[in-house]
Structures are given as structure tokens and as C-alpha cells.
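Visitor: Quick one: sequence and predicted model below, then my questions.
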Amino acid sequence: MRQAIAWSHDLLSAEEQALFRRLAVFVGGFTLEAAEAVAGGWEESDIDVLDGIAALVDASLLRQVEDPRGDGVTGRRYIMLETVREFGLEALASDGEERAAHDKHATWCLDLAERAESELSGPAQGRWLALLEAEEDNLRAALDWLESDDKDGRSLRLASALVWFWIISGRLGEGRGRLEHALETKRGADVPGALRAKALTGLGFLAHYQADHAAAVPRLEEALGI
């Protein structure tokens, strides 16, 4: 299997190979918009992302799926088999692009979560909930990356932005664990008061919806104090 992947990879142009390894940071697939945000715009590559993706589909390194959810919200997605993705991640590390690619992926996930945050309490709640659910694996991967390499508090921003997604979708335990870890990681660090208060409020609500009021009250009181 690995030899077949390597054979297909070696037939690509240098620009297509670069696109392939950068797309390997996605988990659970991606849209064209996401691919352009993460794998496009690199200084040393001017490949058209759509054309590059078409080449990867032709090389059987990507699979195109039309509206996999069947709800008309997420539209077309591109899926990379896990064995293919592992090959791409190895190439990404070998070329010294791992940090930059994961950073762009995390930035894209954070932007999506923060755009969705206010929409989850409005009339478009259903659409944005579906969008976040479609990207759930990517959001988890971004949190994992930021938790291991967080220099600017983005793990706390991302976890805080996802609070109402976790509440509405019933992922209370996961959300609470993620947010607690992000807060603990940044304890003592230079975190803006507004961000810490937001995170504490979110954690208080998550605990409240789990009926753990003994944990919810001190978090909310600390947020009020800030």
C-alpha cells in the first residue's frame, strides 16, 4: 500500500506534492474553502488549489464526496484515507513544514469557531451547528496541536469559542475537559482578563448543564470577580 502511495506521489509535480503534504493536516476531510485557507498562499507555491486538488483526485490520493451529510449545508468535501494522510504527514515533517501547516490549520479552525459562536444563538443555529459537526475532527486536531504548542493563548480562545457548540450538541464532558485543560495550561500565563473570564464563564455553564453546581458556582464567581 505504501509503495502504491509513493508511486502516485512521485508522479505529481513539485507544486502538487507540496499541496498534498499540506492538506494532510486535515482530519476527517475538508472543503475547497478550507483547503485554500490552509494549503494556499504559501510564498514558494503559486499552484491553483482547485487544480491541484483535481490532480490529487486523479492520482487517487484524495476522494471527492458530494454532500456527504446529505443536508446541503457542507457541500462537497475531499477525503484523504488515513494511510495516505500518514504518508503526507511524514513528508510534511521531512520538508520542515509541519509547524507552519498545523499553525495555518489551527488558525482556520479558530476563525470558523469564532464566526460560528454568535450564530449558534440566532436563526441560523442549525446551519452553523451542522458546519461545526462536519469539522469536528478538524477542531479536535487543532485543539490537540494548540494544547501541545500554544504560545499565544489560542487553545483557550478556541475552547472558549466552542462552549455553546458543546452544550447544544450534548458534548458536555468533552467540552468541560478541553476547557479545563486549556485553563490549567495557561494558569499563571499572561492571559487577558476578558479571555479568562469568558473561559471561566463557559466552564461554569458546562458544569451547570452537567448538574455539577459545586463546580459551576466558583468558576462563575471567579469570572464575575474579573
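Guide: Received, thanks.
Visitor: OK, contacts around Arg176?
Guide: Trp166, Leu203, Leu206, Ala207, Gln210 (C-beta atoms under 8 Å, 6 or more residues apart in numbering). Using the backbone N, CA and C atoms, a C-beta is placed for each residue, glycine as well.
Visitor: Tell me the buried residues in stretch 158-176?
Guide: Within stretch 158-176, the residues that qualify as buried are 158-167, 169, 171-172, 174-176, counting by 16 or more other C-beta atoms under 10 Å.
Visitor: end-to-end on it?
Guide: End-to-end distance of stretch 158-176 (C-alpha to C-alpha, to the nearest Å): 13 Å.
Visitor: Give the rounded mean pLDDT of that stretch.
Guide: The average of the pLDDT scores along stretch 158-176 is 96.
Visitor: longest helix of this protein?
Guide: Ranked by number of residues, the top helix in the chain under DSSP state H is helix 98-119.
Visitor: Can I get the least confident helix or strand in the chain by mean pLDDT as PDB, trimmed to CA atoms?
Guide: Every helix and strand of the chain was ranked by mean pLDDT, DSSP states H and E. The lowest is helix 2-10, at a mean of 88. Only the C-alpha atoms of helix 2-10 are listed here, as PDB (Å, rounded to 0.1, in the frame of the first residue of the first chain):
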ATOM      1  CA  ARG A   2       2.800   2.400   0.900                       C
ATOM      2  CA  GLN A   3       4.600   1.700  -2.300                       C
ATOM      3  CA  ALA A   4       1.400   2.400  -4.300                       C
ATOM      4  CA  ILE A   5       1.000   5.700  -2.400                       C
ATOM      5  CA  ALA A   6       4.700   6.600  -3.000                       C
ATOM      6  CA  TRP A   7       4.400   5.800  -6.700                       C
ATOM      7  CA  SER A   8       1.300   8.000  -7.100                       C
ATOM      8  CA  HIS A   9       3.000  10.800  -5.100                       C
ATOM      9  CA  ASP A  10       6.200  10.700  -7.200                       C
END
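Visitor: related to what we said a few turns ago, next, format the contacts of Arg176 as a markdown table and append secondary structure and distance to Ile79.
Guide: Below are these laid out as a markdown table (DSSP: H, G, I helix; E, B strand; the rest coil; distance: C-beta to C-beta, whole Å):
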| residue | secondary structure | distance to Ile79 |
| --- | --- | --- |
| Trp166 | helix | 25 |
| Leu203 | helix | 34 |
| Leu206 | helix | 31 |
| Ala207 | helix | 36 |
| Gln210 | coil | 34 |
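Visitor: Just flag the most distant two among these.
Guide: By the measure C-beta to C-beta, Trp166 and Ala207 form the most distant pair in these, at 11.9 Å.
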